[in-house]
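> Here is a sequence with its predicted model. Questions after.
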Amino acid sequence: MAHAIRFHETGGPEVLEWGTVEVGDPGPGEVRIRHEAVGLNFADTYFRTGMYPAPLPAGMGVEAAGVIEAVGPDVPDFREGDRVTYTGSPLGAYSTERVMPAAHLIALPPDISFETAAAMTMRGLTAAYLLRRIHPLRAGDTVLLHAAAGGVGLIFCQWAKRLGINVIGTTSSDAKAEVARAHGCGDVIVYTREDVADRVRELTDGVGVPVVYDSIGASTFRSSLDSLARRGLLVAFGTASGPIPPIDAMDLAVKGSLFVTRPALADYIADPAERAELANDLFHHVAAGHIEIEINQRYALADAEQAHRELEAGLSVGSSVFSL
């Protein structure tokens, strides 16, 4: 019998419920997957709290890796026994088995483990589009990255270093700062005791950075804007501390004709060809050892409530997975 985490109302981690589920057979365009590992992402909490609306009751999770057990009609690209990974809707990755659209799947190379895939598909593709699609970065550029010791942050720092891009990172503690440095982050600002914008100005001779990558949101929005160079770009790709406040267009002008974008991964992997290009680039770097996937938290799927509590408390470093 298959098991899954579901929630019937929005709220805190206590709304997550573990139980048995009926999976059934795949229909047209669908496959049934047996999960080997499931990713834990901060974005999962947005669905649980209702920040991202979902029809209730609902499954939880958007990222996992496993083996195809059955293939429905009209699925030309996958067969039973194929190793796959995925990230994206529909919700339901927190499960031992599930039926889902084959169009969302990515073939998983044999030299990448299921656990590594579950820890990096969403985070790695996010780092890929941030570095490759958002802004035309060049070797020698310096950027600011919040949450540099997080799952996306550690991948981003390693990848940026290979591209010759200097990363100023922020972390909440000295311990996390050391982790970020070990993964390619050049300068680290411990935001609990340093003013981020002032320190960025010091490190850039008063100029600021051309791009700020901000997954924190409400609590960092102002310092992110104040860290930008003239005509700089704020990439607000997450809201861990809450949504960013309303934007005053005149404020952007006064601060140097700034730009703000709120991208979503889904829009950068919607095209199958673009998704394959980004995924292949990511897989190449990981398989070659250029990018190390740091998995520091492992949970049983039944312990999703505890996992969410620790995630929201800021206790995680690098990536987290549910091992099945």
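Structure's in. What do you need?
> Quick one: classify D198 as helix, strand or coil.
Of the three states, D198 takes helix under DSSP: H, G, I helix; E, B strand; the rest coil.
> what's the burial count for it?
13 (other CB atoms under 10 Å). Every C-beta, even on glycine, is put in place using the N, C-alpha and C of the backbone.
> Next one, pLDDT for it please.
For D198, the pLDDT comes out at 97.
> pull the CA atoms of the longest helix along the chain into PDB?
Looking across the chain with DSSP state H, the single longest helix is helix 114-132. The C-alpha coordinates for helix 114-132 follow below in PDB (Å, rounded to 0.1, in the frame of the first residue of the first chain):
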ATOM      1  CA  PHE A 114      18.200   9.300  -6.500                       C
ATOM      2  CA  GLU A 115      19.000  11.100  -3.300                       C
ATOM      3  CA  THR A 116      21.300  13.600  -5.100                       C
ATOM      4  CA  ALA A 117      18.600  14.200  -7.700                       C
ATOM      5  CA  ALA A 118      15.900  14.800  -5.100                       C
ATOM      6  CA  ALA A 119      18.200  17.200  -3.300                       C
ATOM      7  CA  MET A 120      19.200  19.200  -6.400                       C
ATOM      8  CA  THR A 121      16.600  19.100  -9.200                       C
ATOM      9  CA  MET A 122      14.600  22.100  -8.000                       C
ATOM     10  CA  ARG A 123      17.500  23.900  -6.400                       C
ATOM     11  CA  GLY A 124      19.900  23.200  -9.200                       C
ATOM     12  CA  LEU A 125      17.500  24.300 -11.900                       C
ATOM     13  CA  THR A 126      16.900  27.400  -9.900                       C
ATOM     14  CA  ALA A 127      20.600  28.200  -9.700                       C
ATOM     15  CA  ALA A 128      20.900  27.400 -13.500                       C
ATOM     16  CA  TYR A 129      18.200  29.900 -14.600                       C
ATOM     17  CA  LEU A 130      19.400  32.500 -12.100                       C
ATOM     18  CA  LEU A 131      22.900  32.300 -13.500                       C
ATOM     19  CA  ARG A 132      22.100  31.600 -17.200                       C
END
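> Provide the strand pairings for whatever helix or strand comes next after it, with the direction of each partner.
Per DSSP states H and E, helix 114-132 leads on to strand 142-145 as the next helix or strand towards the C-terminus. Sheet pairing of strand 142-145 (DSSP bridges) gives strand 166-171 (parallel), strand 209-214 (parallel).
> Run the chain-centre distance for the first one.
It refers to strand 166-171. Centroid displacement of strand 166-171 relative to its chain, using CA atoms, centre = their mean, to the nearest Å, is 17 Å.
> what's in contact with the helix or strand following it?
Sequence order places helix 174-182 as the next helix or strand after strand 166-171, per DSSP H and E. Applying CB atoms under 8 Å, 6 or more residues apart in numbering, the contact partners of helix 174-182 are 148-149, 153-154, 157, 169, 171, 188, 190, 294, 317-318.
> try stretch 53-62
Under CB under 8 Å, 6+ apart, the answer for stretch 53-62 is 4-10, 16, 38-41, 43-44, 47-48, 87-95, 98, 122, 304.
> could you redo the last one with a cut-off of 7 Å?
Residues from elsewhere that reach stretch 53-62 (CB atoms under 7 Å, 6 or more residues apart in numbering): 4-9, 16, 38, 41, 43-44, 47-48, 87-89, 91-95, 122, 304.
> Now the buried members of the residues you listed.
4-7, 16, 38, 41, 43-44, 47-48, 87-88, 91-95, 122, 304 (16 or more other CB atoms under 10 Å).
> Could you pick out which of these are located in helices?
43-44, 47-48, 122, 304.
> ok, D267 to I134 distance?
Distance of D267 to I134, computed by CB to CB, to the nearest Å: 11 Å.
> more crowded one of the two?
I134 (16 against 11).
> For that one, which non-adjacent residue is closest in space?
Leaving aside its sequence neighbours, I134 sits nearest to V235 (CB to CB, 6 or more residues apart in numbering; 5.6 Å).
> in what helix or strand does the one you found lie?
Using DSSP H and E, V235 falls in strand 228-236.
> relative to strand 209-214, how tilted is that strand?
30 degrees (axes from the mean of the first three to the mean of the last three CA atoms, to 10 degrees).
> what about the longest strand in the protein?
strand 30-40 (DSSP state E).
> name the helices or strands packed onto that one?
Applying 3 or more CB pairs under 7 Å, 6 or more residues apart in numbering; DSSP states H and E, we find strand 30-40 packed against strand 63-71, strand 97-101, helix 114-132, strand 319-323.
> The ones you listed: which one's closest to P245?
helix 114-132 (22.2 Å; CB to CB).
> Tell me which other helices or strands that closest one touches.
strand 30-40, strand 63-71, strand 83-87, helix 151-162, helix 272-287, strand 319-323.
> wait, doesn't the residue nearest to I134 sit right on R133?
No - contact criterion CB atoms under 7 Å: V235 and R133 do not qualify, at 10.5 Å.
> Right, I'll call it a day here.
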